[in-house]
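>>> Make a model of this:
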Amino acid sequence: MAEVVGWLRQRGRDVGWYVTSLMGDRAYDTYVQHLAAAHPGQPPLDERAFWKQKYREQEANPGSRCC
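Next comes the predicted model:
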C-alpha cells in the first residue's frame, strides 16, 4: 500500500512540474540557471525586470500561442 501511495505522490509531482513548465512558471529559474552556466559572472536581471522584458519581447514578436 505504501508503495502505491509513494508512486501516486511522485506522479502528482511529475504532473505539477509538467504543468508549471508548460505554463512558463519556471522561466525565470531556467533563465538564472542558463545565465550562470553560459555567462558566469554576469548578474541576472531581477525577477520583475525579467518578466517585463519577456512580455515586451512576446508583444514585439508574437509567435503561435493560444491566447
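>>> Next one: the spatially closest residue to residue 51 that is not a sequence neighbour, what pLDDT does it get?
Closest residue in space to residue 51, ignoring its immediate chain neighbours: residue 28 at 7.1 Å, by Cβ to Cβ, 6 or more residues apart in numbering. Heads up, the C-betas are built off the backbone N, CA and C, glycines and all. Note for residue 28: predicted pLDDT of 95.
>>> wait, doesn't residue 28 sit right on residue 47?
Yes: using Cβ atoms under 8 Å, residue 28 is in contact with residue 47, at 5.2 Å.
>>> Who has more neighbours out of these two?
Comparing residue 28 with residue 47 by other Cβ atoms under 10 Å, the one with more neighbours is residue 28, at 17 against 13.
>>> does the nearest residue to residue 26 once chain neighbours are set aside belong to a helix or a strand, and which?
Distances taken as Cβ to Cβ, 6+ apart place residue 20 nearest to residue 26, at 5.7 Å, with adjacent residues excluded. Assigned by DSSP states H and E, residue 20 belongs to helix 2-22.
>>> And the contacts of that helix?
Contacts with helix 2-22, where a contact means Cβ atoms under 8 Å, 6 or more residues apart in numbering, come from residue 26.
>>> ok, 10 Å please
25-27, 29-30 (Cβ atoms under 10 Å, 6 or more residues apart in numbering).
>>> for stretch 49-59, same thing?
Identification of contacts with stretch 49-59 by Cβ under 10 Å, 6+ apart yields 24, 27-28, 31-32, 35, 44-46, 65.
>>> Just the buried ones from these?
For the contacts of stretch 49-59, a burial check counting by 16 or more other Cβ atoms under 10 Å picks out 28, 31, 35.
>>> and the helix or strand harbouring residue 36 with helix 2-22, angle?
Using DSSP H and E, residue 36 maps to helix 27-38. Taking axes from the mean of the first three to the mean of the last three Cα atoms, to 10 degrees, one finds helix 27-38 and helix 2-22 inclined to each other by 80 degrees.
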